[in-house]
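K.L.:
give the three-dimensional model of this entry:
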Amino acid sequence: MKPFDAVIDAPFGKVGLRADETGVREIVYLPGDVQSTAPRSPLAQEAAAQIRRYFDTSSVRFDLPLSTCGTEHQRRVWRGISGIAAGQVWTYGQLAREIGSVPRAVGQACGSNPWPIMIPCHRVVAASGIGGFAHHPGEGFYRNVKRWLLAHEGVSIA
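P.N.:
The predicted structure follows:
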């Protein structure tokens with residue numbers, strides 16, 4: 001796997017970024033003990049700056065090119081997620097109805113989102129609570145990241 005083009009501090013640990021000539025390829029949540037890495041390209045530098053602004057102000061709108069990937073269904077889910085404003089949450093079922101899908105398929109596409117924070121999949125929750133995150137069910141680091149992101153946006157979910 002290609003090394004990160006930047007690893008920046010986050011309130012919940014670190015965020016790793018990978019970018020290429022066409023756009024941001026991937027954003028990864030990392031534990032706090034991972035070493036920070038200065039951005040290696042102008043795009044990585046701009047992505048890091050926009051993510052840091054989000055950590056200061058949750059209403060930040062991202063304006064970065066994203067590399068093309070995913071199936072047509074995944075891209076439809078990711079476009080739907082992008083329409084959810086900071087401070088709001090939708091259930092997997094709500095998003096599924098909105099885009100003409102089913103909740104389980106929406107959950108799978110959410111978990112495969114390569115650009116969390118920019119495509120805010122943390123704003124999609126289960127009907128009975130917070131739901132999983134990044135294909136990591138149950139309690140732990142990723143669920144805590146999701147809780148932090150939602151709390152940062154003024155949402156409290158058990």
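K.L.:
switch to C-alpha atoms for all contacts and neighbour counts from now on
P.N.:
Will do.
K.L.:
chain neighbours aside, what residue packs nearest to the residue nearest to the spatial centre of the chain?
P.N.:
Centroid check for the chain by C-alpha atoms, centre = their mean gives residue 116 as the closest residue, at 1.3 Å. Nearest non-adjacent residue to residue 116, counting by C-alpha to C-alpha, 6 or more residues apart in numbering: residue 27, 6.2 Å away.
K.L.:
on that earlier part again, check contacts around the residue nearest to the centre of the chain.
P.N.:
Counting by C-alpha atoms under 8 Å, 6 or more residues apart in numbering, residue 116 touches 27-28, 122.
K.L.:
tally up the residues packed near the closest residue to residue 3 other than its chain neighbours, please.
P.N.:
Spatial nearest neighbour of residue 3, excluding adjacent residues (C-alpha to C-alpha, 6+ apart): residue 18 at 7.5 Å. Neighbour count of residue 18, defined by other C-alpha atoms under 10 Å: 23.
K.L.:
so residue 18, which of the three states?
P.N.:
Counting by DSSP: H, G, I helix; E, B strand; the rest coil, the backbone at residue 18 sits in strand.
K.L.:
double-check it against residue 29; I have them as touching.
P.N.:
No. Residue 18 lies out of contact with residue 29 (C-alpha atoms under 8 Å); the separation is 11.9 Å.
K.L.:
what residues are shared contacts of the two?
P.N.:
In terms of C-alpha under 8 Å, 6+ apart, residue 18 and residue 29 are not both contacted by any residue.
K.L.:
residue 110: which element?
P.N.:
helix 103-111 (DSSP states H and E).
K.L.:
list the buried ones in that helix?
P.N.:
For helix 103-111, burial by neighbour count (16 or more other C-alpha atoms under 10 Å) applies to 103, 105-111.
K.L.:
now do the longest helix along the chain: everything it contacts.
P.N.:
Longest helix of the chain, by residue count under DSSP state H: helix 42-56. Helix 42-56 has contacts (C-alpha under 8 Å, 6+ apart) with 5-6, 8, 10-11, 17-19, 23-24, 39, 60, 62, 64, 117, 152.
K.L.:
switch the cut-off to 10 Å
P.N.:
Helix 42-56 is contacted from outside by 4-11, 15-24, 27, 38-39, 41, 57-65, 117-118, 149, 152-153, using C-alpha atoms under 10 Å, 6 or more residues apart in numbering.
K.L.:
out of those, which are inside strands?
P.N.:
6-10, 15-19, 24, 27 (DSSP state E).
K.L.:
pLDDT weak spots in this protein?
P.N.:
For the chain, residues meeting the criterion pLDDT under 70 lie at 138, 158.
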